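Student: Provided below are the primary sequence and the corresponding predicted coordinates.
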Amino acid sequence: MLLSVYKRIDTCAGEFEAHTPYLYSSYDDEDESDVNDRKSVMILGGGPNRIGQGIEFDYCCCHASFSLQDMGVESIMVNSNPETVSTDYDTSDRLYFEPLTLEDVMHIYKNEKPSGVIVQFGGQTPLKLAKGLEERGVPILGTSPESIDRAEDRKLFAEVLQKLGLKQPNNGMASSKEAAIEVANAIGYPVLVRPSYVLGGRAMAIIYDEKSLVAYMEDAEEISEERPILVDSFLEDAIEVDTDALCDGKRVFIAGIMEHIEEAGIHSGDSACILPPQTISKKMLNEIRSATRALALELSVKGLINIQFAIKEESLYVIEVNPRASRTVPFVAKAIGIPVVKYATRVMMGETLDDLGLGDEFKTNYVNIKEAVLPFNKFPGVDTILGPEMRSTGEVMGIAETPGEAYVKAQVMAGEEPPKGGIIFVSISDKSKDELLPYIKKLSSLGYNIVATQGTHKLLSENGVLSFQINKVYEGSFPNVVDYIKGNRINLIINTPQSRVTRDDAFHIRQAAIKYKVPCLTTASAAKALVNGLAEMQNKGFSVRSLQEIHK
């Protein structure tokens, strides 16, 4: 059998003797890994950055490594991404710059013989290796592969929810166009469809009729019994909630409950979210807490768990359970001032929540908002409308005493600084008119000038709001809204499109907004949050505090 050895990267280029524990595999005679007898643990990283698998998971891997070192345990990092902090030479005791495949990880394991492997900090990539590693005799620290499978397998997970008396949206699987139509008709439109085992909601879509479903299935790749299409009932106008929790197998600590600002149907990685929730009733929050604890204990979680819920008409639905660290963990840790990953690592090493002094939940006195950073300025031809397929490449946060101030701070950090005055273009769908009318009135009272398309202008005039009518793009007349944007006459855009024609029109508006760097809001919830923030900005200005001051 031909096997590789491990060589060290010479960080001194041969000029001085280098002792950097930075290893890569090569076919040679001499092995330079220098394995010792100290207790060690292997951490599997997230691999290459891509949409849905980003730097948030690298944060978790780094803090896990630091936690192991604090405990006197050698940390062995396995990752293949030179852009990350986890692949810095001084983050771990030994770093293997290798692909995250079963074969490569097993080769490192046989060489190092660590006491266990941590798979829950690198996102979905290492989680998929857990079962194969355990079958080959590798101890998996934290949540067992069996529990991971119960959370990830649709049939097994449905049994878990049924046992606990929890609801989930009606759903099914299809391995052909005909089967998908049958499932969708049984569930009822609209439906959310996606390939199984994807990251970041890739190729996910909301389907409103059979014609669109047929088109989706014809475009889908490699559909089979092994790679089916998942079909879920789409809960329109629902509020989505993310919960991050830490469990030791006996007790659960809820680190954070986050309410999404954008409505259901927008990927959780792209939606702004607020901690603590602002519009969810106490009764519903208690239901979320109970469901989180029940799921974590039923799945015998040891470490972190992320649960996504949806609330519709005061009913709670479980959307998804991830028995691992989620992309919101760094945000939650900063918001509550508790090293969540450090404690999760210690739990996986055998400590309990009682040992760590953690209660049932931590409540913060500040409002924290996470906002997505979207790369549309780098991709000028891409539509900026948000949906179930993740598009963001990073995130920022704003912290304040009120939701409005926190939201505006987050927008500033995301590069979308709201205007302090000037002209605001408004074009809203019929569905959003009643919801947004009071907020457009508020903008007018704050001294902003409003320009609007015909339907919105008529609505505003009928309700005593002064506005100036301008043309839509497809109406062809000059000047239209894009002409105004090109002339630097628009300072903010609120555009919630509805029909196919207005969506095409909105596409041109959003493209112009990117090119001329005009902030553009495409959801009613984001518009409401921003208007409240602008009102606070005018009334009292903003305060700035350090994290140390907030968490002292």
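Tutor: Cool, the structure landed. Residues are numbered from 1 along each chain as shown.

Student: Quick check, Val35 in contact with Lys113.
Tutor: Yes - counting by C-beta atoms under 8 Å, Val35 touches Lys113, with 7.5 Å between them. To be clear about C-beta, it is placed using only N, CA and C from the backbone, and glycine gets the same treatment.

Student: Looking only at neighbour counts, state which of these two leads.
Tutor: Ranked by neighbour count (other C-beta atoms under 10 Å), Val35 and Lys113 place Val35 first, with 15 against 10.

Student: which residue sits closest to that one, ignoring its sequence neighbours?
Tutor: Glu112 (5.8 Å; C-beta to C-beta, 6 or more residues apart in numbering).

Student: Phi, psi for the one you found please.
Tutor: When quoted as degrees, to the nearest 10, the phi and psi of Glu112 stand at phi -90, psi -30.

Student: State the pLDDT value of it.
Tutor: As predicted, Glu112 sits at a pLDDT of 92.

Student: hang on, it packs against Asp37?
Tutor: No - judged on C-beta under 8 Å, Glu112 makes no contact with Asp37 at a distance of 11.2 Å.

Student: Of the two, give the one with the bigger neighbour count.
Tutor: More crowded of Glu112 and Asp37, by other C-beta under 10 Å: Glu112, with 20 against 6.

Student: contacting residues around the more buried one?
Tutor: Counting by C-beta atoms under 8 Å, 6 or more residues apart in numbering, Glu112 makes contact with Ser33, Val35, Ser40, Met42, Ile76, Arg94.

Student: distance of it from Glu134?
Tutor: When C-beta to C-beta, to the nearest Å is the yardstick, Glu112 and Glu134 sit 17 Å from each other.

Student: How about Pro519?
Tutor: In this view, Pro519 and Glu134 are 49 Å apart by C-beta to C-beta.

Student: thinking again about what came up before, list just the nearest of the contacts of Glu112 to Arg154.
Tutor: Here the nearest of the contacts of Glu112 to Arg154, counting by C-beta to C-beta, is Met42; it sits at 29.9 Å.

Student: Who does the helix or strand hosting that closest one pair with, and is each partner parallel or antiparallel?
Tutor: Element membership for Met42, per DSSP states H and E: strand 40-44. Looking at strand 40-44 with DSSP bridges, its partner strands are strand 74-79 (parallel), strand 116-118 (parallel).

Student: a markdown table for the ones you listed, including mean neighbour count and mean pLDDT?
Tutor: Below are those laid out as a markdown table (neighbours: other C-beta atoms under 10 Å; pLDDT from 0 to 100):
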| stretch | mean neighbour count | mean pLDDT |
| --- | --- | --- |
| strand 74-79 | 26 | 95 |
| strand 116-118 | 23 | 97 |
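
Student: Kindly reformat those strands as a markdown table containing distance to Asn170.
Tutor: As requested, the strands paired with strand 40-44 are exported to a markdown table (distance: least, C-beta to C-beta, whole Å):
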| stretch | distance to Asn170 |
| --- | --- |
| strand 74-79 | 39 |
| strand 116-118 | 36 |
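
Student: So for Met284, which of those sits nearest?
Tutor: Closest to Met284 of these is strand 116-118 (C-beta to C-beta; 33.9 Å).

Student: so how far is the closest one off the chain centroid?
Tutor: Relative to its chain's centre, strand 116-118 lies at 25 Å (C-alpha atoms, centre = their mean, to the nearest Å).
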